[in-house]
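[1] Have a look; sequence and predicted model below, questions after that.
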Amino acid sequence: MRHSVKRIARALARAMGRRAVVVGALLGALCAGCGGGGPDGSAGLPWDTSARIPPAPVDMNDSVIAARADLGRLLFYDTMLSVDGETACATCHSEFWGMGDGLPLAIGHGAGLLAGPGRKGPNVLTRNAPSLWNAAYRKDLFWDGRAHSLEEQAMQPLDATNELDLNPGALVAKIRMVPGYVERFGEAFPDDAAPVSEDNVAKAIAIFERTIVSRRAPYDAFFSGDPLAMTESQQAGMQVFADAGCADCHTPPLFESDRYFDRGIGDGSDPGRYDVTRDEADRGAFRVRTLRNLFDTRPYFHDGSVRTPEAAIQHELDRSGFDYTPEQLDELVDFIIKGLYDPLAEPVRPDTLPSGFPTPFDGLHIVRPTGAFD
């Protein structure tokens with residue numbers, strides 16, 4: 001088999017704790033991947049086969065890089081990185097919600113430790129929290145592309161008054177008072193005279209985010225030559241994806257792109273990409289999101305106004321002008337939801353943190369307020 005027994009067991013445990021439909025998708029991907037051999041990956045693909053998914057962006061065999069990534073993971077989950085001591089990066093980008101937060105609009109500090117559906121507070125942001133899956137491969141970050149590196153993206157929420165609202169300089173001062181962090185910064189940045197710094201906080205979080213990569217979906221096995229990795233329905237849906245022009249924007253193999261479009265969502269009050277470029281052609285345009293792990297990243301679009309993946313996919317198919325049948329819609333949904341699903345690299349939430357602060361209160365086991373999923 002392509003994956004170790006332990007890895008399969010871990011993946012199934014996560015999936016079974018998440019949603020039953022995901023179990024079916026993951027089982028299909030893993031079992032199909034056991035098939036022997038297959039054609040050259042070019043067979044049966046309706047688009048350019050020269051584009052292969054980039055290699056893993058972080059070399060975890062390098063001990064210093066691995067130390068930086070683990071440090072970044074701890075910082076990512078640490079509520080010390082906020083003005084209220086109850087909000088973390090993981091509040092809005094949680095492994096339980098596809099590296100988003102399960103909310104239509106993200107909610108910053110002042111809402112307590114509860115993260116995910118049911119979170120309520122005074123600092124409601126104007127946009128949906130983008131998923132971090134495969135953010136490592138993006139040229140620009142955020143819905144409007146205002147950040148040009150993961151390091152820049154990682155620090156912007158710190159200064160934002162409605163997000164974490166903690167001056168980076170103040171954060172560095174807090175970190176220097178935590179012996180466990182001082183030691184880890186020294187290990188992660190051994191050549192720096194002053195390892196605990198704003199730049200190194202950004203670097204550590206960014207390197208951690210570069211480990212959140214989805215590249216082992218059934219589609220990837222099919223691409224690599226396993227003809228049984230995707231079902232007939234998923235293969236038919238892949239053809240619909242190509243025929244409807246979906247691949248022009250959601251470009252394989254990442255199924256996203258650094259392009260911006262107005263998708264006819266919302267009331268038009270959000271200027272989108274225009275805020276960055278000041279080009280009227282960009283007014284109301286937002287980044288083309290990834291379709292990988294789409295099921296987990298609901299709700300959809302920049303304002304989170306579309307609740308289900310089926311509705312989001314149908315909205316886009318309707319706008320494409322493609323004359324489709326109900327069966328083709330079902331096949332397309334099957335391809336996107338199951339054929340592009342791979343959560344195996346989702347982060348592991350720390351049990352404890354060097355700061356002694358708690359991680360956000362999150363997970364599928366939590367009893368949420370009435371109406372949290374409405």
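    It's in.

[2] Just list the residues touching the closest residue to Tyr274 other than its chain neighbours, thanks.
    Spatial nearest neighbour of Tyr274, excluding adjacent residues (C-beta to C-beta, 6 or more residues apart in numbering): Arg283 at 4.1 Å. All C-beta spots, glycine's among them, are computed from the backbone N, C-alpha and C. Contacts for Arg283 (C-beta atoms under 8 Å, 6 or more residues apart in numbering) come out as 262, 271-274.

[3] do the same with Ala106
    Counting by C-beta under 8 Å, 6+ apart, Ala106 has contacts 92, 124-125, 127-129, 163.

[4] let's see 6 Å
    92, 125, 129 (C-beta atoms under 6 Å, 6 or more residues apart in numbering).

[5] do Thr297 as well
    98, 100, 131.

[6] switch to 10 Å and redo it
    97-102, 128-133, 289-291, 309, 312 (C-beta atoms under 10 Å, 6 or more residues apart in numbering).

[7] For stretch 285-296, give the mean pLDDT please.
    Averaged over stretch 285-296, pLDDT sits at 97.

[8] Please spell out which residues along that stretch are buried.
    The neighbour-count check on stretch 285-296 (16 or more other C-beta atoms under 10 Å) flags 285-296 as buried.

[9] The helix or strand encompassing Met155: which residues count as buried?
    Taking DSSP states H and E as the criterion, Met155 maps to helix 150-159. For helix 150-159, the neighbour count (16+ other C-beta under 10 Å) marks 150-151, 153-155, 157-158 as buried.

[10] and it, what other elements does it pack with?
    helix 63-77, helix 89-92, helix 168-175, helix 198-209 (3 or more C-beta pairs under 10 Å, 6 or more residues apart in numbering; DSSP states H and E).

[11] and with 7 Å instead?
    With contacts taken as 3 or more C-beta pairs under 7 Å, 6 or more residues apart in numbering; DSSP states H and E, helix 150-159 sits against helix 168-175, helix 198-209.

[12] List of residues touching the strand of greatest length in the chain?
    Across the chain, the longest stretch assigned as strand under DSSP state E is strand 257-261. Here strand 257-261 makes contact (C-beta atoms under 7 Å, 6 or more residues apart in numbering) with 138-140, 145, 249-251, 273, 282, 285-288.

[13] For it, what is the distance to the chain centroid?
    16 Å (C-alpha atoms, centre = their mean, to the nearest Å).

[14] Helix or strand next in line after it, which one?
    Next along from strand 257-261, by DSSP H and E: helix 274-277.

[15] All the helices of this structure, residue numbers only.
    In the chain, the segments counted as helices under DSSP state H are 5-16, 20-32, 63-77, 89-92, 150-159, 168-175, 179-188, 198-209, 218-223, 232-243, 274-277, 309-320, 326-334.

[16] So for Ala51, which of these sits nearest?
    helix 218-223 (9.8 Å; C-beta to C-beta).

[17] quick one on the thing from earlier: buried subset of the contacts of Thr297?
    For the contacts of Thr297, buried by 16+ other C-beta under 10 Å: 97-102, 128-133, 289-291, 309, 312.

[18] quick one: buried residues of stretch 52-61?
    Per 16+ other C-beta under 10 Å, stretch 52-61 contains these buried residues: 53, 58.

[19] Please apply the same query to stretch 332-348.
    Applying 16+ other C-beta under 10 Å to stretch 332-348 flags 332-344, 346-347 as buried.

[20] Tell me the one of those nearest Met80?
    Checking those one by one against Met80 (C-beta to C-beta), the nearest turns out to be Pro347, at 17.7 Å.

[21] isn't that closest one right next to Arg73, touching?
    Yes: if you go by C-beta atoms under 7 Å, Pro347 and Arg73 touch, sitting 6.1 Å apart.

[22] on that earlier part again, and the buried residues of stretch 285-296, which of them are in strands?
    Those of these lying in strands (DSSP E): 286-288.

[23] what's the spacing between Cys216 and Gln314?
    That one is not Cys; residue 216 is Arg. Plainly put, Arg216 is 28 Å away from Gln314 if you go by C-beta to C-beta, to the nearest Å.

[24] Tell me which of the two has more neighbours.
    Arg216 (21 against 16; other C-beta atoms under 10 Å).

[25] Identify each buried residue in stretch 71-87, please.
    71-87.

[26] That should have said stretch 320-333, apologies.
    324, 328-329, 331-333.

[27] Farthest pair within those residues?
    Tyr324 and Val333 (11.3 Å).

[28] returning to that earlier point: and the helices of the chain, which is most packed in?
    helix 89-92 (a mean of 28; mean count of other C-beta atoms under 10 Å).

[29] I'd like to know which elements it is packed against.
    helix 63-77.

[30] Alpha carbons of the helix it packs on, as CSV, please.
    Extracted C-alpha coordinates of helix 63-77, given in CSV (Å, rounded to 0.1, in the frame of the first residue of the first chain):
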residue,chain,number,x,y,z
SER,A,63,16.8,20.0,11.6
VAL,A,64,16.8,23.8,11.7
ILE,A,65,13.9,24.1,9.3
ALA,A,66,12.0,21.5,11.3
ALA,A,67,12.6,23.4,14.5
ARG,A,68,11.3,26.6,12.8
ALA,A,69,8.2,24.8,11.6
ASP,A,70,7.4,23.3,15.0
LEU,A,71,8.0,26.7,16.7
GLY,A,72,5.6,28.3,14.1
ARG,A,73,3.0,25.6,15.0
LEU,A,74,3.2,26.5,18.7
LEU,A,75,2.9,30.2,17.9
PHE,A,76,0.1,29.6,15.5
TYR,A,77,-2.0,28.0,18.2
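
[31] For it, which outside residues touch it?
    Contacts for helix 63-77 (C-beta under 7 Å, 6+ apart): 58-60, 81, 88-90, 184-185, 187-188, 190, 201, 203-205, 207-208, 211, 347, 349-350, 353-354, 359.

[32] hmm, try it at 8 Å
    Against helix 63-77 from outside (C-beta under 8 Å, 6+ apart): 58-60, 81, 88-90, 93, 181, 184-185, 187-190, 201, 203-211, 347-350, 353-354, 359-360.
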